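Undergrad: Take a look and give me a structure for this.
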Amino acid sequence: MTDGGHVLEAARSPEGSRFAYRGTQLGPAELGWLQTAACERPWPTVVDLADRACRRFGWIRSNGEPAVASCSVFLRCLARKGALRLPPPRVPSGRITWRNDDAAMIRALGTVPGMVECQPEGPLTVRPIAKQEWTGFALHMDRHHYLGFSKPSGESICYAAFVGAELVALMVWGAAVPYNAHRDRYIGWDSTTRTRLLDRVVNQRRFLVLPWIRLHCLASRVLAANVRRLSQDWEEKYAHPVLLAETFVDTARYRGTCYRAANWVQLGQTRGFSRLRVGFAQNHRPKAVFVYPLHPRAPERLRAGQSGAPGPSRRDEVQ
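TA: The predicted structure follows:
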């Protein structure tokens, strides 16, 4: 889920003949324009179609950019309901693939897990990755995280953590999931407020401590350093702060000890469903739900619709 939950409006309105998205009612004229644009040659991608639709209908995020990610999901919802025929996909979706001849980049990634354990020394630094670090970041995450890695869509920030000059951990933050009953009860959200303010909640999609690193309490220290700067980084990139962080821990694999040590709150367990491109599927693997307030009055602000800047925090990323 991306961009504030507006895809939740992808349902028929009370009169039964229209669809709504970001406050715009889509009737025959609007759906006709979308279908004409989808049938143009050469075939547009769904992202191209979403970008055109956002600019035509004024579907703009709070930072002034088109709401392309959530609009793409909305268009697929229309297709699933039979209201729109999308162009055929150009390439299959899935995990990142890598060129076999990129030997120089692979050599630069460092030691192979299991060969040399590393106990680096020095200050802990957590920062967003630079553009030129993206390929190495993605390859590390895809090789060493049990879920693999796909390029995030919508609002997201990727972080790297270093001890001294040694890379020790990687993190991906993105848009909150649309449905999280434990989180919504913790905040006190109704469905309308959730739809409006979901972009003030951020989800930790991936957290990887590199498998050859051996440092006591490293994971909780990295989490603490990351959340201290997360809201300000988000505001600088997307023109709005985030007030609450959430994540899901597969308790069949992990205990969530580092989150508890970093003062995250465990709210309960999911019912064991995975998000698909359109809809959900049961995976029979419930996960523990953890949240961390990025502002001392995060639930109150999220209930009241106040999206002010977070409380005092050290901008210095060194712990």
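Undergrad: Hmm, residue 301 and residue 187 touching each other?
TA: No. Counting by C-beta atoms under 8 Å, residue 187 sits too far from residue 301 to count as a contact (9.5 Å). For glycine as for every other residue, the C-beta is placed from the backbone atoms N, C-alpha and C.
Undergrad: okay, these two: which has more neighbours?
TA: residue 187 (24 against 21; other C-beta atoms under 10 Å).
Undergrad: That one: what's it in contact with?
TA: By C-beta atoms under 8 Å, 6 or more residues apart in numbering, the contact set of residue 187 is 244, 298, 299, 302, 303.
Undergrad: Among the residues you listed, which has the minimum pLDDT value?
TA: Least confident of these in the model: residue 303, at 90.
Undergrad: so which strand or helix has it?
TA: Using DSSP states H and E, residue 303 sits in helix 298-304.
Undergrad: show me where the stretch 101-250 of the chain has helices.
TA: 103-107, 134-144, 181-187, 191-197, 218-238 (DSSP state H, counting those that start in this stretch).
Undergrad: Packed most tightly, which of the ones you listed would that be?
TA: Burial of the helices of the stretch 101-250 of the chain is given as mean neighbour count (mean count of other C-beta atoms under 10 Å); helix 218-238 ranks first at a mean of 20.
Undergrad: name the helices or strands packed onto that one?
TA: Helices and strands touching helix 218-238, as assessed by 3 or more C-beta pairs under 8 Å, 6 or more residues apart in numbering; DSSP states H and E, comprise strand 124-128, strand 156-163, strand 166-175, strand 201-209, helix 257-261.
Undergrad: closest to residue 86 out of the ones you listed?
TA: strand 166-175 (22.1 Å; C-beta to C-beta).
Undergrad: in its sheet, what does the closest one sit against?
TA: Strand pairing for strand 166-175, using DSSP bridges, gives strand 156-163 (antiparallel), strand 201-209 (antiparallel).
Undergrad: on that earlier part again, I'd like the helices of the stretch 101-250 of the chain written out as a markdown table, with distance to residue 72 and mean pLDDT added.
TA: Below are the helices of the stretch 101-250 of the chain laid out as a markdown table (distance: least, C-beta to C-beta, whole Å; pLDDT from 0 to 100):
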| stretch | distance to residue 72 | mean pLDDT |
| --- | --- | --- |
| helix 103-107 | 30 | 48 |
| helix 134-144 | 21 | 88 |
| helix 181-187 | 24 | 95 |
| helix 191-197 | 18 | 89 |
| helix 218-238 | 18 | 95 |
